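Engineer: Predicted coordinates and the sequence they were generated for:
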Amino acid sequence: MNQNFTIEESLVTLKDYFGYDKFRPLQQEIIQTILSGENCLVLMPTGGGKSICFQIPAIMFPGVTIVVSPLIALMKDQVESLRANGVQAAFLNSSIDSGTQNEIWHQAHSGILKLLYLSPEKLFQPGIMDEMKRLHISLVAIDESHCISSWGHDFRPEYRHLSIFKSQIPDVPFVALTATADRVTRKDILVQLGMPNAKTFISSFDRPNLSLQVSPGLDRKKQILQFLKSQSKNSGIIYCLSRKGTEDLAMSLNAAGYKADFYHAGCEPLKRAKTQEAFIKDEVQIMCATIAFGMGIDKSNIRWVMHYNLPNNVESYYQEIGRAGRDGLPSKTILFYSYGDLITRLDMIEKSEADEEQKELRRAKLDRMKQFAEAQICRRRILLSYFNEETIEDCGNCDVCKNPRASFDGTILAQKALSAIARTQEKVSMTALVDLLRGQRTAVTVKYGYTELKTFGAGKELKTEFWMDYLLQMLNSGIMDIAYDEGHVFKLNNLSWKVLKEEYKVLLAQARTFESRMAEKAENKPVKEQVKENANQELFEALRKLRKQIADEESVPAYVVFSDATLNDMVLIKPINVGQMKTVQGIGQVKLEKYGAIFLKEIQNYLRNFKVPGTRLANGVTYLETLELYNKGLDIEEIAIARNLAPSTMVQHLIKLKSEGESIDLEKFISKAARKTILEIISELNLKLVENMKIQEILERVGEAIPSWQIRLILHVEFERKA
Ligand code: ADP
Ligand code: ZN
């Protein structure tokens, strides 16, 4: 080992094979460590970019890299993605016939194969280890390495034997990777693998591209439908508490015209595999699922994740929302929260088989989840602090940061609630209290005589969701209690009486409707921005369609062809030639050769045919496309080629754009020599400089020497100068 690889070489490999220009934080350090032949442990969140850390060295090393991975679905995905990038990779599992298997061994021996994936079970099957010993192995990567530790949440005994593997090839570097490992597990991984001194790299667990939102758990289906309107065909997952819940929700969404399906542990294995496949291939847009869904899914273009119900703990919540936005693009997460959900969870803990100590732990974990859901400060800071990460600033990408809530004097509201609680003899629960305050005649309010109380309807000016929100705030500020052991009814305490006697002021944060929560600043964008955005959206859809066609022809998931991030970059750059296509992130050599031309064609088609009706810029978009190309630094003839229009039309566009206030430098397209010639001709012919003057005479004099668009441009600039 110990060849001297330079950082430049790894950057070239990154660009050639994966099409990326730079490493993400820690990737480079990890790769350098591996390349120098050292062992290491890598902790990165899902989507952080762990795979590249061993794939780049694997490509650079002369021999083969063995990747141990517990999940067959994941192996298949990774191998497909690698092959699509022109990397020789294969996996061994029970589905591979012996002929193929021989071929794989042959390639591994000859040094063609760069990565070989297999499960630990396979590794220890008779004969495999002997083959391994004959191979030139450069590196071993242990994916999901927390499985080796009984402290981890997913212990797999067969992982334990990996230390044997390590001791049999002591000179080969090992890299262990995981997305979840606390301090104890981390240490255990190193001990179990027999490399206690390996360097450990821990990257931040922050996923800034995931927006965090908590919504009151009311009219959830309505809220979901509202949200979906903003999502076009974007993939998403909705996690539900119960199996039945997933089925009901999927049915409702189907009825509303969405391609939704459900997934839970009770489904037939065949149906599960099929549903999952359809989701991965973008044929099912929305997956309504229990937590059984998601393990081993590498789909990078999940654009949103919702929790229909409150998760058990912050770890699960974070892992589940982490499935969104693995490609690094902005992705949304929404958690529905209601007091009722919390009670359901508490009851489930109560009724579980666990011993008291376990129950205590679960209640404590649930409480942290509750704190997150009810937070009035930046939610990401709460999450990161849960994972022991310090943060200095608010994130700006959670609902609390985006819509800071003004506070107001809520003493009167609190008094209404407290006096209602008092009048029910402290026997009222959350839902009934809200109905009581709002003056709703329901089975409960009628049965217990709440309709006869003086406070019945005392708070009818507020919507249900607002009352729920305020009551939770009141609870959190300690002005009343909840008796968990008496059916979760409200109880008054000392502070309650102080509030009632006007001795204590209650500050509340303004509640918001779902609509206002959803309405981000985006709507206030200037018309021009909006047109541009819609135009880009349309191009994105066109490229997505093309990607799907190709993916189907090749029977791979769409994101294996190109990730959403790559399509997005393509939309922003709008490449018009191969050179520009190469600058798009995520297009390496092989993909450039394979798909470059067909995507270029699609982009050109789009640029030619584009029209947006009914906007202020009626045919303004045609100008905008010119502007965009101008802003990319193309010259006039290049813009004309890209747009398949005449150069003089492009000159017209630029003149018009300039007159509308765009900053356009026309001078830079004018050649000094041409200007001199033209000015001479004008004075010779004694022509008068007027707006839109005829250029016939000048053209006849200069012949082919100066293109007509250049003449027009010079005349325009000179006219402006004089005017
Ligand atoms: P993990 O295994 O940690 O969950 P992946 O290795 O699957 O994450 O990477 C997640 C996504 O990020 C993939 O789409 C991958 O191509 C992309 N990615 C990884 N490294 C980079 C990089 N340096 N620049 C841009 N994108 C990257
Ligand atoms: Zn925030």
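Structural biologist: Thanks, I have the structure now. Residues are numbered from 1 along each chain as shown. Ligands and ions are numbered 1, 2, ... in the order given.

Engineer: Output the lowest mean pLDDT helix or strand found in the protein.
Structural biologist: helix 514-518 (a mean of 65; mean pLDDT, DSSP states H and E).

Engineer: where does the stretch 501-650 of the chain dip in pLDDT?
Structural biologist: 514-535, 608-621 (pLDDT under 70).

Engineer: And the stretch 101-250 of the chain, by the same measure?
Structural biologist: Applying pLDDT under 70 to the stretch 101-250 of the chain picks out residues 151-154, 181.

Engineer: swap the cut-off to 80 and go again
Structural biologist: Low-confidence regions of the stretch 101-250 of the chain, defined by pLDDT under 80, span residues 150-155, 180-184.

Engineer: And the stretch 251-400 of the chain, by the same measure?
Structural biologist: When the per-residue scores of the stretch 251-400 of the chain are filtered using pLDDT under 80, the ranges that remain are 295-297, 387-392.

Engineer: Residues of it that sit close to ligand 1?
Structural biologist: Ser300, Arg326, Asp327, Gly328 (Cβ under 6 Å from any ligand atom). (Each C-beta comes from the backbone N, C-alpha and C, glycine too.)

Engineer: Let's see if you can find the most crowded of those.
Structural biologist: Of all these, the most densely surrounded is Arg326 (25 neighbours; neighbours counted as other Cβ atoms under 10 Å).

Engineer: what's the neighbour count on the nearest residue in space to that one that is not next to it in sequence?
Structural biologist: Of all residues not flanking Arg326 in the chain, Gly47 sits nearest, at 3.5 Å (Cβ to Cβ, 6 or more residues apart in numbering). Neighbour count of Gly47, defined by other Cβ under 10 Å: 21.

Engineer: Next, Cys288: phi, psi?
Structural biologist: Backbone torsions of Cys288, given as degrees, to the nearest 10, read phi -100, psi 120.

Engineer: ugh, typo on my part, it should be Pro216
Structural biologist: Summarising the backbone geometry of Pro216 under the convention degrees, to the nearest 10, its torsions are phi -60, psi 140.

Engineer: quick one: it and Leu539, what's the gap?
Structural biologist: Taking Cβ to Cβ, to the nearest Å as the measure, Pro216 and Leu539 are separated by 37 Å.

Engineer: Mind checking which of these two has more residues around it?
Structural biologist: Between Pro216 and Leu539, Pro216 has the larger neighbour count (other Cβ under 10 Å), namely 24 against 21.

Engineer: Surely the more buried one and Asp469 touch.
Structural biologist: Yes - with contact defined as Cβ atoms under 8 Å, Pro216 reaches Asp469; the gap is 6.1 Å.

Engineer: Secondary structure element for Val184, which one?
Structural biologist: Of the helices and strands defined by DSSP states H and E, Val184 is found in helix 183-192.

Engineer: strand partners of whichever helix or strand comes after that helix, parallel vs antiparallel please.
Structural biologist: Scanning forward in sequence from helix 183-192, with DSSP H and E defining helices and strands, the next element found is strand 199-202. Counting by DSSP bridges, the strands paired with strand 199-202 are strand 40-43 (parallel).

Engineer: got the contact list for the partner strand?
Structural biologist: With contact meaning Cβ atoms under 8 Å, 6 or more residues apart in numbering, strand 40-43 is reached by 26, 30, 33-34, 50, 53, 145, 173, 175-179, 181, 186, 189-190, 198-203.

Engineer: Buried ones among those?
Structural biologist: 26, 30, 33-34, 50, 53, 145, 173, 175-179, 181, 186, 189-190, 198, 201, 203 (16 or more other Cβ atoms under 10 Å).

Engineer: Which of the residues you listed fall in strands?
Structural biologist: Counted as lying in strands by DSSP state E, out of these, are Val175, Ala176, Leu177, Thr178, Phe201.

Engineer: tell me which of the residues you listed is nearest to ligand 1?
Structural biologist: Leu177 (7.5 Å; Cβ to the nearest ligand atom).

Engineer: Hmm, Met287 and Tyr263 touching each other?
Structural biologist: Yes - using Cβ under 8 Å, Tyr263 and Met287 qualify as a contacting pair, with a distance of 5.8 Å.

Engineer: Overlap in contacts, these two.
Structural biologist: Residues touching both Tyr263 and Met287 comprise Thr275, Phe293, with contact defined as Cβ under 8 Å, 6+ apart.
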